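Chemist: this is a predicted model, with the sequence first.
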Amino acid sequence: MSQAEETIAVVVVTYNSKRLLADLIASLGPGLEGISWHLTVADNASADGSAAAVKRLAPGSVVVEMGRNAGYAAGINAAVAAARPHTAVLVLNPDIRLAPKCGLELLAVLRGSTAGIVVPRLERGDGSVIHVLRREPSPLRALGDAVLGAHRAGRFRLFGELVVSDHLYGAETEADWAAGSAMLLSAECWSRVGPWDESFFLYSEETDFALRARDAGLPTRLAPSALAVHLEGESKQSPGLWALLNLNRVRLYRRRHGSVPTAAYWAALLLRETSRAALGNRASRAAAKALASPSRLRATPSPELVAALAR
């Protein structure tokens, strides 16, 4: 497919994201220069006027007002369903800022490989590198994280889920999955693997989608020349969100593996969070409490569950 035939559906889910939208939308023009694109935003009942801000800042965009906080995956699905015709979907968090020509670099890798998902290099606002590539979760990797820490364990394929080797971020590296704050999905990938699983509500939905895409022969790949800045969310600082992240990791692992491997994976996560809670980490204390609760492990994620975890 030639560049002239490409149209990207830019998809964003907002939830009280008004303060982030002006800079995000301003970055789309330079970031997607040379490509036909359109913006679709799904708003999860924001109370800060996010939906109205999108309509003002991007008059030609499509805004889907969900009417409730339906979760991240539900927002992605609704936005893709409402988007005008497209050949690829660019999923962006509201706190992403595309660098110039980012879209062209992402498309070049998507069309020049077997990948179904392509992600850019990410940097923080201060210019430091964010390691976005991941290996498939396993009990041994969770244990390595617990004992060595994510970055130290990530140097070893068997013991780390996080990919940290610098040379891998300078090449078109394939990974089991990648952080979902900025990712380009081919229309074929969406057709064969989508929609995203709405039962996760928040966290692990991108892991689930990428692993299913990989299983279908459509792996995740890094475009090393594509750059975006991620201001980053508050999952590690918010006890409720960090607890939900860990609960969803167990739920996803349980779907793909038997009861014995899942028990081992759960135990490794619980060890990690308990040990960090003992050092005074509030988020880990909430996560350990949630992981030790059978009722919360069984519960379907929802805004009410997040509120309960935050207490």
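Modeler: That came in fine, so what should we check first? As the structure is a computational prediction, the values presented were derived from the model and not from experiment.
Chemist: next, Cys189: secondary structure please.
Modeler: helix (DSSP: H, G, I helix; E, B strand; the rest coil).
Chemist: and if you look at Arg221?
Modeler: Assigned by three-state DSSP, the conformation of Arg221 is strand.
Chemist: just give me the neighbour total for it.
Modeler: 24 (other C-beta atoms under 10 Å). Where you see a C-beta, it was placed from the backbone N, CA and C, and this is true even at glycine.
Chemist: so it sits against Ala108, correct?
Modeler: No: applying C-beta atoms under 8 Å as the test, Arg221 and Ala108 come out as separate, 11.0 Å apart.
Chemist: can you list the low-confidence ranges for the stretch 51-200 of the chain?
Modeler: Of all residues in the stretch 51-200 of the chain, none has pLDDT under 70.
Chemist: walking through it, point out its helices one by one.
Modeler: For the stretch 51-200 of the chain, applying DSSP state H, counting those that start in this stretch gives helices covering 72-82, 102-111, 139-148, 150-153, 187-193.
Chemist: turn those helices into TSV, including distance to Pro294.
Modeler: Output for these, formatted as TSV (distance: least, C-beta to C-beta, whole Å):
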stretch	distance to Pro294
helix 72-82	25
helix 102-111	42
helix 139-148	19
helix 150-153	27
helix 187-193	31
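Chemist: would you list these in CSV and tack on distance to Trp242 and mean neighbour count?
Modeler: CSV is the format used below for the helices of the stretch 51-200 of the chain (distance: least, C-beta to C-beta, whole Å; neighbours: other C-beta atoms under 10 Å):
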stretch, distance to Trp242, mean neighbour count
helix 72-82, 16, 22
helix 102-111, 29, 22
helix 139-148, 14, 20
helix 150-153, 13, 16
helix 187-193, 28, 18
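Chemist: mind checking the ones you listed for the one nearest to Gly31?
Modeler: Taking C-beta to C-beta, helix 102-111 is the member of those nearest to Gly31, at 4.5 Å.
Chemist: which helices and strands sit right next to that closest one?
Modeler: strand 88-92, strand 117-123, strand 182-186, strand 220-230 (3 or more C-beta pairs under 8 Å, 6 or more residues apart in numbering; DSSP states H and E).
Chemist: run the last query once more with 7 Å
Modeler: strand 117-123, strand 182-186, strand 220-230 (3 or more C-beta pairs under 7 Å, 6 or more residues apart in numbering; DSSP states H and E).
Chemist: how big is the angle separating the next helix or strand after the last one from helix 139-148?
Modeler: Put plainly, it is strand 220-230. The helix or strand immediately downstream of strand 220-230 is helix 239-256, counting by DSSP states H and E. Counting by axes from the mean of the first three to the mean of the last three C-alpha atoms, to 10 degrees, helix 239-256 points 150 degrees away from the direction of helix 139-148.
Chemist: convert the C-alpha atoms of whichever helix or strand comes after helix 239-256 to PDB, please.
Modeler: Heading C-terminal from helix 239-256, the first helix or strand you meet, by DSSP H and E, is helix 259-277. In PDB, the C-alpha atoms belonging to helix 259-277 read as follows (Å, rounded to 0.1, in the frame of the first residue of the first chain):
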ATOM      1  CA  SER A 259      -4.000 -23.100  37.800                       C
ATOM      2  CA  VAL A 260      -0.600 -24.300  39.000                       C
ATOM      3  CA  PRO A 261       1.400 -21.800  36.900                       C
ATOM      4  CA  THR A 262      -1.100 -19.100  37.800                       C
ATOM      5  CA  ALA A 263      -0.600 -19.800  41.500                       C
ATOM      6  CA  ALA A 264       3.200 -19.500  41.100                       C
ATOM      7  CA  TYR A 265       2.800 -16.200  39.200                       C
ATOM      8  CA  TRP A 266       0.400 -14.800  41.900                       C
ATOM      9  CA  ALA A 267       2.900 -15.900  44.600                       C
ATOM     10  CA  ALA A 268       5.800 -14.100  42.900                       C
ATOM     11  CA  LEU A 269       3.700 -10.900  42.500                       C
ATOM     12  CA  LEU A 270       2.600 -11.100  46.200                       C
ATOM     13  CA  LEU A 271       6.200 -11.500  47.300                       C
ATOM     14  CA  ARG A 272       7.200  -8.500  45.300                       C
ATOM     15  CA  GLU A 273       4.500  -6.200  46.700                       C
ATOM     16  CA  THR A 274       4.700  -7.500  50.300                       C
ATOM     17  CA  SER A 275       8.500  -6.900  50.400                       C
ATOM     18  CA  ARG A 276       8.100  -3.400  49.000                       C
ATOM     19  CA  ALA A 277       5.200  -2.700  51.400                       C
END
